[in-house]
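Undergrad: Below: sequence and its predicted model.
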Amino acid sequence: MTDTTTEPTGGRVLPTVRRNGAATHLFVDGKPYLALGGELHNSSASSPEYMAPVWDHLASNGVGTVIGTASWQLVEPEEGRFDFTAVDDQIRQAERHGIRLVLIWFGAYKNAESTYAPSWVRRDEDRFTRAERDQTQLLTGRFALDAPILSVFDERLRDADARAFAELMAHIAEVDSSGTIIAVQVENEVGLLGDSRDRSPLALAAWNAAVPAELLGGLSALGDRLHPHVRAAWDRNGARTSGTWAEVFGTDGEAAEIFMSWGFSRYVDAVARAGVSRHGLPVFANAWLGPQPNALEPGRYPSGGPVARMLDIWRIGAPSLAFLSPDIYVDDFDGTLAQYAIEGNPIYVPEARPDAALAFIAVGAYKAIGFNPFGIEDLPTGHEVFRAYEVLNALSSEIVQAQADDRIHGFRVSTGEQQQVEIGGFQITISGPFDTRGIFGTGTGSNAEDKVGYGLILLTGEDEFLVTATSASLSFTREDAIVEIDELREEVLRDGVWVPRRTLNGDERHFMFYGDGLRTVRISLLRRARS
């Protein structure tokens, strides 16, 4: 991935993605920005009236970033006639409420379907080719594939999609004078469901043509860094440097997924390049994850999307994208982030479950530049995600600097579990929740069966840590010294400012992060020489 270019627009500097010490950050207004927010439901932003109370709700709950939408269906209802009403309302309302916007371009592809393509595109089957699939492979149930799916190999579709996206980006450059929009996602969860590859005439012609030298040269240049899955598919036919797709990669579903990934990455790159040429915001793509236990073969999940094992294909095929992101609804949140935490690809989570612990893992353990639960407008006031954002936003400048300096860790820990991490030469043991009811004869305390501990650890000085956590306890050791806790100082937010409160001692040395909600503590350590 190439860094996005910073360029002046109307006297301001555009957001950019670039390396910053040990992290890769999204820079907004010249400073690293932590995009903590949420994604709206797909259709919410289509109606300014529907959204009017939503903005107040999100702003009052500390949501600093919102992922909104721009639908091709609404933006270009007739070919060549553009309507930006819904987009303009999002920009105005977000600016008024002090919220930054990330927009999704729902173009020709949304969740492996083409329902957001305008009617004039979907109706003209002579001009815009539809994907064709082996009828024996079609799914049933929720993804029965009765929705339209256009062929990614149709250059006329690509050009129409790219022209519309370019008009959107040019319009944003004209009306967004305050820089409210900080990034744009191009398409959404692209790929083909129901078959491992498109079998339309256009797709068959591409399948029978030579594999582009650009792709094979890029795979060769990766050497040992090439993903093992792609390496195995390439090696089985002798790692050929020329030939058709079948000759180079084979004829099975794995070969088909590589073929479709190249097709979709080139399509998305063409659309993205058209837009960035009119307004150089960072652009990215997201993935519907696969394979998964209930969807092992490509086509059972969208074949051709930027899933982890296809990232190398996408990075070669779509160099204009600033990053590639996973939409995570699976249980293995940590493992998914690890798969996407490859060199030059910052972690950004555009969709996830509304679980506050996940934000701490993303930001602390994987140096994420953003975390966004889906359907953010549905969360009630006081939800744990909103309470977490209050703390994380107040610490955002410290967090991004700690990410850059590689002195941060985020965790989630379950009952009876212990984790260990090393920061600044200290070995930190993190212990999960346990039931403290009745220990002090009060009958109150945390119920370990109900809770999961989570938090964020920042090294802030030679022997000092700032920790914000709940339902967990920490202990510190070093190989070169005996370590004692010297002082625990609780800090609380008042009107957005951290102020000292209690100095914790006695029992609180062991139960410092127990109780309701997050607690923030500055921990000073004392080192003693080993005898």
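TA: That came in fine, so what should we check first?
Undergrad: And the helices in the stretch 151-300 of the chain?
TA: 155-175, 201-208, 213-222, 228-235, 245-249, 253-276 (DSSP state H, counting those that start in this stretch).
Undergrad: deepest of the ones you listed, which one?
TA: Stretch with highest mean neighbour count among the helices of the stretch 151-300 of the chain: helix 253-276 (a mean of 25; mean count of other Cβ atoms under 10 Å). C-beta coordinates here come from the backbone N, C-alpha and C atoms, glycine included.
Undergrad: quick check: angle from that one to helix 201-208?
TA: 110 degrees (axes from the mean of the first three to the mean of the last three Cα atoms, to 10 degrees).
Undergrad: Please state the mean pLDDT value computed over helix 253-276.
TA: For helix 253-276, mean pLDDT is 98.
Undergrad: Could you give the separation of it from the chain centroid?
TA: A distance of 19 Å separates the centroid of the chain from that of helix 253-276, by Cα atoms, centre = their mean, to the nearest Å.
Undergrad: how about the strands in the stretch 401-531 of the chain?
TA: In the stretch 401-531 of the chain, the segments counted as strands under DSSP state E, counting those that start in this stretch are 408-413, 418-423, 426-431, 453-461, 464-470, 473-477, 482-494, 497-504, 519-528.
Undergrad: Those: which one's closest to T381?
TA: T381 lies closest to strand 482-494 among those, at 16.8 Å (Cβ to Cβ).
Undergrad: Can you tell me which of the strands of the stretch 401-531 of the chain has the worst average pLDDT?
TA: strand 497-504 (a mean of 91).
Undergrad: how much space is there between the residue positioned nearest the centre of the chain and R19?
TA: Geometric centre of the chain, nearest residue: V349, 1.9 Å, by Cα atoms, centre = their mean. Counting by Cβ to Cβ, to the nearest Å, the separation of V349 from R19 is 20 Å.
Undergrad: With E464 instead?
TA: 27 Å.
Undergrad: Please apply the same query to L150.
TA: 37 Å.
Undergrad: Among the two, which residue is more densely surrounded?
TA: L150 (23 against 13; other Cβ atoms under 10 Å).
Undergrad: From what I see, the more buried one and R130 are in contact.
TA: Yes - counting by Cβ atoms under 8 Å, L150 touches R130, with 5.8 Å between them.
Undergrad: hang on, the earlier thing: in CSV, list the strands of the stretch 401-531 of the chain along with distance to D235 and mean neighbour count.
TA: Converted to CSV, the strands of the stretch 401-531 of the chain look like this (distance: least, Cβ to Cβ, whole Å; neighbours: other Cβ atoms under 10 Å):
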stretch, distance to D235, mean neighbour count
strand 408-413, 37, 24
strand 418-423, 37, 14
strand 426-431, 41, 18
strand 453-461, 42, 23
strand 464-470, 46, 22
strand 473-477, 46, 17
strand 482-494, 50, 14
strand 497-504, 55, 12
strand 519-528, 51, 18
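Undergrad: Out of those, which is closest to A233?
TA: Using Cβ to Cβ, the strands of the stretch 401-531 of the chain put strand 408-413 closest to A233, at 34.7 Å.
Undergrad: roughly how far is the closest one from the heart of the chain?
TA: 18 Å.
Undergrad: quick one: strands adjacent to it?
TA: strand 453-461 (antiparallel) (DSSP bridges).
Undergrad: first to last residue in stretch 23-36, what's the distance?
TA: Taking Cα to Cα, to the nearest Å, the first and last residues of stretch 23-36 lie 17 Å apart.
Undergrad: and what of stretch 359-369?
TA: Stretch 359-369 end-to-end distance (Cα to Cα) = 11 Å.
Undergrad: Provide the contact partners of that stretch at residue level.
TA: 17, 22-26, 33-36, 333-334, 337-338, 341, 346-349, 371, 385, 388-389, 392, 399, 403, 408-412, 454-457 (Cβ atoms under 8 Å, 6 or more residues apart in numbering).
Undergrad: Which residues does the nearest residue to the residue nearest to the centre of the chain once chain neighbours are set aside form beta bridges with?
TA: Nearest residue to V349, sequence neighbours excluded (Cβ to Cβ, 6 or more residues apart in numbering): F371, at 4.8 Å. When assigned by DSSP bridges, F371 has beta-bridge partners L36, V349.
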